[in-house]
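Trainee: I'll drop the sequence and a predicted model, then ask my questions.
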Amino acid sequence: MRSLRHKMSILMLVSLIILAASLVMIFGWYMKDRLIVETSSKAQSDLTICKEFIDLKYPGSWVVRDGELYKGTTKISLNSDIVDHIAQITGDNVTVFIGDTRAATTVRSSNGDRAIGTKASENVATTVLKNGQVYVGNADVIGQPYQSAYAPLRAENGVIIGMLYVGISQASEQESLKRSLITMGGIGLALTALIALLAGLFLRKLVSSPSPEDVGRQPETATEQNPQSPPGAAEIEKLEDAFIQMAEQIQTLTGEINRSTTTIHESSPPKGSLNAMLEQLKDFEPSNEFSSVETVSQEFEPLFGLDTPWNNGADALPKGLNKATLNQIVHYLEKNRRPISTEEVAEGVKLTRVTVRRYLEFLEQCGVLRSEQKCGTVGRPVKIFIPL
């Protein structure tokens, strides 16, 4: 039972872990795609906000004077305050280009300085500067992938003289996604452990506790089948049986000493009935010294004699059998003259099923009992002994 419960618990735990891991992976793939879509949408909307902000804050046309970019009368080239302010509002990286060259930017190079004078990627320059279209998507910015949005900057005559850029670092996106997955994985692991614990307790109770139907039919189906016992029960039963056999052997030896001073019956009642068996047992008187071993047998009169037909001419019962115990079992059978099982006799005389079964089979060999198999509703047939 314990092995089965452990296997079921492990199987359920592994299944829950696989399920949780699968859900985290599916969630990660889904969130990655959703995050790309959301960041692209955010970059495009932030780009519109930046254009409107600059137009409201700095009125006038875009123009290039002496190689510097202006918005109306405000110089934009190398004006870090403008791009920093917009970046603070949107949370994005912001850059203003003259042509394809960065004139003011929040993007920093590997040495930590602002990436002034660096170029935009070729595919972006082609789309925005040559084709005059808005570019939204993944773009390489100073060797790093960004979700970006670029819009052309046009002079008063409509000529494209630069670009406005906002972008979100994919590294920060991935870090955010990683933290979300770790959090979700931790929550999933905690829930898995809790469910596994509850399932283990449920399985332990389910496997270790027999159903009412099993309890009701146990005397019929499990009596003669030696059903599985909890760990340790079989060993305890073996020790109990060994102790009883030792006590029976001591009782037999004491009886032989006592019988040396008594007379032996010369005639034997006919075998084949419990009454005859009781007549053959009436000269036995157990020793008081061992009354604590077989206390139940003292309730009956001393009844045993050695001159019985099942002794095969010997001065003792077959090895392992005791006269006092035989007397006790025969008395019980005489009081309950009906088909009876080993389980019921064992409970009546307060002995183990293994011990009682040996005596009942001996009485069957002597012709006092006969046995037959009784089939229950479930399980194996049960052996029933019938007095003759």
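Mentor: Yes, it's here.
Trainee: in the chain, which helix or strand is least confident?
Mentor: helix 212-221 (a mean of 48; mean pLDDT, DSSP states H and E).
Trainee: for Thr101, list the residues it contacts.
Mentor: Gly117, Thr118, Lys119, Ala120 (CB atoms under 8 Å, 6 or more residues apart in numbering). Every residue, glycine included, has its C-beta placed from N, CA and C.
Trainee: out of those, who's the most crowded?
Mentor: For the contacts of Thr101, the largest number of neighbours (other CB atoms under 10 Å) sits with Ala120, at 24 neighbours.
Trainee: and for that residue, nearest residue in space, chain neighbours not counted?
Mentor: Once flanking residues are discounted, Ala120 sits nearest to Asp100: 4.5 Å by CB to CB, 6 or more residues apart in numbering.
Trainee: strands of the chain, residue ranges please.
Mentor: 62-65, 68-71, 74-75, 93-98, 101-105, 135-141, 144-154, 160-169, 340-341, 369-374, 382-387 (DSSP state E).
Trainee: mind putting these into JSON lines with mean pLDDT?
Mentor: Below are the strands of the chain laid out as JSON lines (pLDDT from 0 to 100):
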{"stretch": "strand 62-65", "mean pLDDT": "92"}
{"stretch": "strand 68-71", "mean pLDDT": "92"}
{"stretch": "strand 74-75", "mean pLDDT": "92"}
{"stretch": "strand 93-98", "mean pLDDT": "94"}
{"stretch": "strand 101-105", "mean pLDDT": "93"}
{"stretch": "strand 135-141", "mean pLDDT": "88"}
{"stretch": "strand 144-154", "mean pLDDT": "90"}
{"stretch": "strand 160-169", "mean pLDDT": "91"}
{"stretch": "strand 340-341", "mean pLDDT": "90"}
{"stretch": "strand 369-374", "mean pLDDT": "87"}
{"stretch": "strand 382-387", "mean pLDDT": "87"}
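Trainee: so for Ile82, which of these sits nearest?
Mentor: Counting by CB to CB, Ile82 lies closest to strand 101-105 out of the strands of the chain; the figure is 6.4 Å.
Trainee: helices or strands up against the longest helix along the chain?
Mentor: Looking across the chain with DSSP state H, the single longest helix is helix 2-57. With contacts defined as 3 or more CB pairs under 8 Å, 6 or more residues apart in numbering; DSSP states H and E, helix 2-57 has these neighbours: helix 80-90, strand 135-141, strand 144-154, strand 160-169, helix 170-208.
Trainee: give me the angle between that helix and strand 135-141.
Mentor: On the basis of axes from the mean of the first three to the mean of the last three CA atoms, to 10 degrees, helix 2-57 is oriented at 100 degrees to strand 135-141.
Trainee: looks like Arg114 contacts Asn79 (just checking).
Mentor: No - using CB atoms under 8 Å, Arg114 is not in contact with Asn79; the gap is 11.4 Å.
Trainee: rewinding a little: out of the strands of the chain, nearest to Glu334?
Mentor: strand 382-387 (7.9 Å).
Trainee: and that closest one, what other elements does it pack with?
Mentor: Applying 3+ CB pairs under 8 Å, 6+ apart, we find strand 382-387 packed against strand 340-341, helix 342-349, helix 353-365, strand 369-374.
Trainee: now those as a markdown table including mean neighbour count and distance to Ala196?
Mentor: Output for those, formatted as a markdown table (neighbours: other CB atoms under 10 Å; distance: least, CB to CB, whole Å):
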| stretch | mean neighbour count | distance to Ala196 |
| --- | --- | --- |
| strand 340-341 | 20 | 43 |
| helix 342-349 | 19 | 39 |
| helix 353-365 | 19 | 39 |
| strand 369-374 | 14 | 44 |
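Trainee: please tabulate the ones you listed in TSV, including the columns distance to Val83.
Mentor: Listed next are these as TSV, based on distance: least, CB to CB, whole Å:
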stretch	distance to Val83
strand 340-341	96
helix 342-349	93
helix 353-365	93
strand 369-374	96
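Trainee: circling back: what is the mean pLDDT for the longest helix of the chain?
Mentor: Averaging pLDDT along helix 2-57 gives 78.
Trainee: okay, the angle between it and strand 144-154?
Mentor: Going by the same axes, to 10 degrees, helix 2-57 is angled at 20 degrees with respect to strand 144-154.
Trainee: got the angle for helix 2-57 vs helix 80-90?
Mentor: Using the same axes, to 10 degrees, helix 2-57 lies at 140 degrees relative to helix 80-90.
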